[in-house]
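Engineer: kindly return the folded structure for what I paste below:
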Amino acid sequence: MSNSQISKEQLIQLEQLKRVELFNGRAAMLGIVIGIITEGLTGYGIVHQIGLGALVDGYAACRTQFLPFCF
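Structural biologist: Residues are numbered from 1 along each chain as shown. The predicted structure is shown next:
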């Protein structure tokens, strides 16, 4: 392989990486927006929606020692 072929392959990989990262960023933004809308409709925050509500409720966090402080 010559240097020009390696360079072209690297350029293709970089372009693919850009597209993948752009998609990941858009998917993350969409997930946050959906979480915020769901929070507005249900009254449960994003942490509660994904099942980690006990960590932020205070009592369970202190009792199970997941957090270094208590509320």
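Engineer: local confidence estimate at the residue sitting nearest the centre point of the chain?
Structural biologist: Nearest to the mean C-alpha position of the chain, counting by Cα atoms, centre = their mean, stands residue 28 at 5.7 Å. Residue 28 is assigned 96 on the pLDDT scale.
Engineer: please identify which helix or strand holds it.
Structural biologist: For residue 28, the enclosing helix or strand under DSSP states H and E is helix 3-42.
Engineer: relative to residue 7, how far out is the residue nearest to the centre of the chain?
Structural biologist: Residue 28 sits 31 Å away from residue 7, going by Cβ to Cβ, to the nearest Å. No exception for glycine: its C-beta is placed from N, CA and C like everyone else's.
Engineer: same check, this time on residue 35
Structural biologist: Taking Cβ to Cβ as the measure, residue 35 and residue 7 are separated by 42 Å.
Engineer: more neighbours: these two, which one.
Structural biologist: Using other Cβ atoms under 10 Å as the criterion, residue 35 and residue 7 rank with residue 35 on top: 16 against 10.
Engineer: need the contact list for that one.
Structural biologist: 46, 49 (Cβ atoms under 8 Å, 6 or more residues apart in numbering).
Engineer: sort out which residues of stretch 11-22 are buried, please.
Structural biologist: Using 16 or more other Cβ atoms under 10 Å as the burial criterion, none of the residues of stretch 11-22 qualify.
Engineer: averaged pLDDT, that stretch. What do you get?
Structural biologist: Averaging pLDDT along stretch 11-22 gives 95.
Engineer: again, but for stretch 44-55
Structural biologist: So the average pLDDT for stretch 44-55 ends up being 81.
Engineer: picking that back up, right, and the helix or strand after the helix holding residue 28?
Structural biologist: Downstream of helix 3-42, the first helix or strand assigned by DSSP H and E is helix 46-49.
Engineer: show me what that following helix is packed against.
Structural biologist: Helix 46-49 is packed against helix 3-42, helix 53-56, with contacts defined by 3 or more Cβ pairs under 8 Å, 6 or more residues apart in numbering; DSSP states H and E.
Engineer: for that helix, what is the distance to the chain centroid?
Structural biologist: What separates the centre of helix 46-49 from the centre of its chain is 13 Å, taken as Cα atoms, centre = their mean, to the nearest Å.
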